[in-house]
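Trainee: Quick one: sequence and predicted model below, then my questions.
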Amino acid sequence: MYKPLFNKRRVLVFHQFKNKGWALFGCLGREVVCSVLSVATLTYASAESVSTKPVVTDSAAVSTPRELLLDEVSVTGSRAPLTRSQAARMVTVLERADIQQAPVQSINDLLKLAVGIDVRQRSPIGAQTDISIRGGTQEQIIVLLNGINICDPQTGHNTLDLPCQLSDILRIEVLEGPAARIYGTSSLVGAINIVTKEDPSPASPEGEELLLLRAEGGSHGYANAAARILLPPFREGRGGSSLSASYTRSDGWSRAANGTLNSDYCGTKAFYQGSYAKNALRLNWHVGLADKGWGSSTAYASPKWKADDQYEHTTKLTAALQASVKSGAVSLHPTVYWNQHQDRYEGYRGRTDLMPFNYNRTDVIGLQLNSHFDWALGRTALGAEMRNENLLSGNLGEPLARPHHIYGTDRDYTRGLNRTNISAYAEHNVLLRNLTISAGFVVVKNTWADMNPTFYPGIDASLRLGRHWRLHASYNTSLRMPSFTEMYYKVQGYAADPHLKPEEMRALELGANCQFSILNCQLSLWHHHGRNMIDWIMDTRLGDDAVWQSVNHTRLNSVGLETSAQLSILNSQLSISYSYIHQAKDLEAGVVSQYALEYLRHKLVVGAHIPLLRLPSAASRQGSAVLQRCRSHLTLDASLRFQDRAGQYTDFDGSANDYSPYPLVDARLTWQQPHYDVYLKADNLLNTRYRDYGLVEQPGRWLIAGFALRL
């Protein structure tokens, strides 16, 4: 399902156009160079993921043949934009076609199918999910929306509060390993970039539906309704915009000891995005809202605090404006963004007499200036970013000189913290016929704890061997600042340390990829060396006095292997991938880890997309482009995941228990018509009882039926 970005075909050079079968247009599917013009097509990219904006050049100004790549996707494996065939670092991409086929309910569920990603949920359908890469924690990755960092500095638990829905997404890019010189701080073990559709004008939709309506319902009182519409352009041919919204609810699958529901969910999303282009200027913007409330069951309980009816409500607002302008040989990309996250946590649902509610609000303002230019020695990128993070809280941070009122309550924010992260970077890319080398560094300065400017380098290399093979190697470093929760959370059995040091990571990776017309295989070996790694640990030997403490581990060494293969034959796709991780850090007897040492030692993912029935309609036989692309057929999409987690969890009796391995099978049967789909989904088809977190048992079989209408 996930596809690596290694695809380079042999270049044919033509000096004349001739109306012969062996001439230019008889060679589609290869990269073609015609004097100063080159057209690249992607073997494994779906059409929806390929940019259709032409590259315009002044041929009179070019005296010698040079390569210009048209219609090839730029990926974010480096600071400077590089195409898939140029990329020096392995970036994994989930295409739009894969997203549509996956038997999932949410983006959270979608990411479970990536073998290098560990998705741990305290509640399904996107209620609360922690996500990590290569044995890290939920705090150690960065999640971006169209290249904008939307992580919440309060806690990584809120990272996947996304305002967009599956129908908004064009592709998802996953970069595994440290990525400081590309994304700055927080990208300690990897990054996930969610790219939404760049909508065409409704006046010329190019096959994109003008209106999408979706509704589904199923087990545990689950219901979802969603819509997405293309809006009229600001000016004909110069931009487009879209608006989407969704509502989701569920009764949940469990009850508290008092008989009330304790895993219910209710959430709303809204997402608006647009673009405008004129001459050398292009603008893109988005505004999003994600609001949800969910029964937290025993999500944050402990042996000392056996609460089984917790509740949490979060609201995320995000807005960004991005520009791209070219002046001579230099391309400039300024960006300004704002994220706000509000969080209300109820240790006892609705019972302020037992525990006051915890209120937190974070506001993040960021400014970026990226630039790149080409010259005789390759492509160079320079830039800088300033990110200010401000916290207002009832229990996190330092005492405020002046309290701030909490809207809608009789309470005030009495504590808080403000810190600013400033980073500057430089990167150079050497682009040769069969070799790409990308090297650079980032310098980081954070105002918290008078941190000195720190230098983090990295280098990637990719060697293409013929048409089908590719080797890659990389060495990268990164850092992460502690979250506000890790520094200050001291409630009901938790004791945070405000003097935590930043985490640092050094990583080495080697890999190979082979790609043929029907088969794609890859293998990666990696080693991570972490210093001052942050985790919550508990010494159960202390009995009733045991609490969760945030600490810095001195060292943490991890090694891992990832391998995958995808086969496409007879309109069917089959895939299998496997990941193995070993961490060398051991805890003393009786000491348990909450995050850092609870990693997926083994993860196996098998996926299949199988067309069961195809019935071309009369309209499609008449040559309708839209109907030819979307003929009536019945398809089966299925996935099997087997996970074996290292580490232990502590039950309410205070006993330490090993995590048990488990298999999960999800499937979806879809009947697709030109303008509508009808489907039936089954999550956890085998009704497996399992735990992502020790004190929270996940639901069993979950059946869903739904339909989608396209106009």
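Mentor: Ah, there it is. These figures come from a predicted structure and were not determined experimentally. Numbers count the residues shown, from 1 in each chain.

Trainee: where does the chain have its least confident helix or strand?
Mentor: Taking mean pLDDT, DSSP states H and E as the measure, the chain has strand 37-39 as its least confident helix or strand, at a mean of 28.

Trainee: chain center to stretch 695-711: distance?
Mentor: From the chain centre to the centre of stretch 695-711 is a distance of 21 Å (C-alpha atoms, centre = their mean, to the nearest Å).

Trainee: If the residue most central in space within the chain is in a bridge, with which residues?
Mentor: Taking C-alpha atoms, centre = their mean, the centroid of the chain lies closest to residue 192, which sits 3.2 Å from it. Residues in a beta bridge with residue 192, per DSSP bridges, are residue 143, residue 174.

Trainee: residue contacts, it?
Mentor: Residues counted as contacts of residue 192 (C-beta atoms under 8 Å, 6 or more residues apart in numbering) are 111, 117, 131, 133, 141, 142, 143, 144, 172, 173, 174, 175. For the C-beta atoms, the positions are set from N, CA and C on the backbone; glycine is no exception.

Trainee: out of the residues you listed, who has the most neighbours?
Mentor: Top of those by neighbour number is residue 141, holding 30 neighbours under the definition other C-beta atoms under 10 Å.

Trainee: pLDDT at it, what is it?
Mentor: pLDDT for residue 141: 92.

Trainee: That one is in contact with residue 131, isn't it?
Mentor: Yes - contact criterion C-beta atoms under 8 Å: residue 141 and residue 131 qualify, at 6.6 Å.

Trainee: Please identify every residue contacting each of these two.
Mentor: 159, 192.

Trainee: all helices of the protein, in order?
Mentor: 96-101, 107-111, 180-183, 484-488, 618-621, 625-629 (DSSP state H).

Trainee: picking up where we left off before, got JSON lines for the contacts of residue 192, with distance to residue 554 too?
Mentor: Converted to JSON lines, these look like this (distance: C-beta to C-beta, whole Å):
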{"residue": "111", "distance to residue 554": "31"}
{"residue": "117", "distance to residue 554": "27"}
{"residue": "131", "distance to residue 554": "26"}
{"residue": "133", "distance to residue 554": "22"}
{"residue": "141", "distance to residue 554": "22"}
{"residue": "142", "distance to residue 554": "25"}
{"residue": "143", "distance to residue 554": "28"}
{"residue": "144", "distance to residue 554": "31"}
{"residue": "172", "distance to residue 554": "35"}
{"residue": "173", "distance to residue 554": "33"}
{"residue": "174", "distance to residue 554": "30"}
{"residue": "175", "distance to residue 554": "27"}
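
Trainee: from those residues, which is closest to residue 702?
Mentor: residue 111 (17.8 Å; C-beta to C-beta).

Trainee: ok, the closest one to residue 676 distance?
Mentor: For residue 111, the distance to residue 676 (C-beta to C-beta, to the nearest Å) stands at 27 Å.

Trainee: Residue 374 and residue 329 touch, don't they?
Mentor: Yes - counting by C-beta under 8 Å, residue 329 is a contact partner of residue 374 at 6.3 Å.

Trainee: Name the residue in those two with the higher neighbour count.
Mentor: The residue with more neighbours, out of residue 374 and residue 329, is residue 374; 15 against 9, by other C-beta under 10 Å.

Trainee: Please name the bridge partners of that one.
Mentor: Here residue 374, judged by DSSP bridges, has bridge partners residue 379.

Trainee: Next one, pLDDT for it please.
Mentor: Looking at residue 374, its pLDDT stands at 92.

Trainee: Check the spacing between it and residue 381 real quick.
Mentor: On the measure of C-beta to C-beta, residue 374 and residue 381 end up 11 Å apart.

Trainee: how many other residues sit next to residue 254?
Mentor: 18.

Trainee: Distance of the closest residue to it other than its chain neighbours relative to residue 641?
Mentor: Closest residue to residue 254 apart from its sequence neighbours, by C-beta to C-beta, 6 or more residues apart in numbering: residue 263 at 4.8 Å. Residue 263 sits 21 Å away from residue 641, going by C-beta to C-beta.

Trainee: out of the two, which sits in the more crowded spot?
Mentor: The residue with more neighbours, out of residue 263 and residue 641, is residue 263; 27 against 18, by other C-beta under 10 Å.

Trainee: dump the residue contacts of the more buried one.
Mentor: 123, 252, 253, 254, 294, 295, 297, 699.

Trainee: which one of those residues sits closest to residue 680?
Mentor: For the contacts of residue 263, the nearest to residue 680 is residue 699 (17.7 Å; C-beta to C-beta).

Trainee: Now that closest one: phi and psi?
Mentor: Dihedral angles of residue 699 (phi, psi; degrees, to the nearest 10) stand at phi -70, psi 160.

Trainee: ok, how many other residues are close to the nearest residue to it once chain neighbours are set aside?
Mentor: Nearest residue to residue 699, sequence neighbours excluded (C-beta to C-beta, 6+ apart): residue 253, at 3.9 Å. Using other C-beta under 10 Å, residue 253 has 21 other residues around it.

Trainee: start at 46 instead
Mentor: Right, with 46 as the first residue, what we last looked at is residue 298.

Trainee: tell me the phi and psi of residue 298?
Mentor: Torsion angles, degrees, to the nearest 10, at residue 298: phi -120, psi 0.

Trainee: How about the one 3 residues further on?
Mentor: The phi and psi torsions at residue 301 (degrees, to the nearest 10) take the values phi -80, psi 170.
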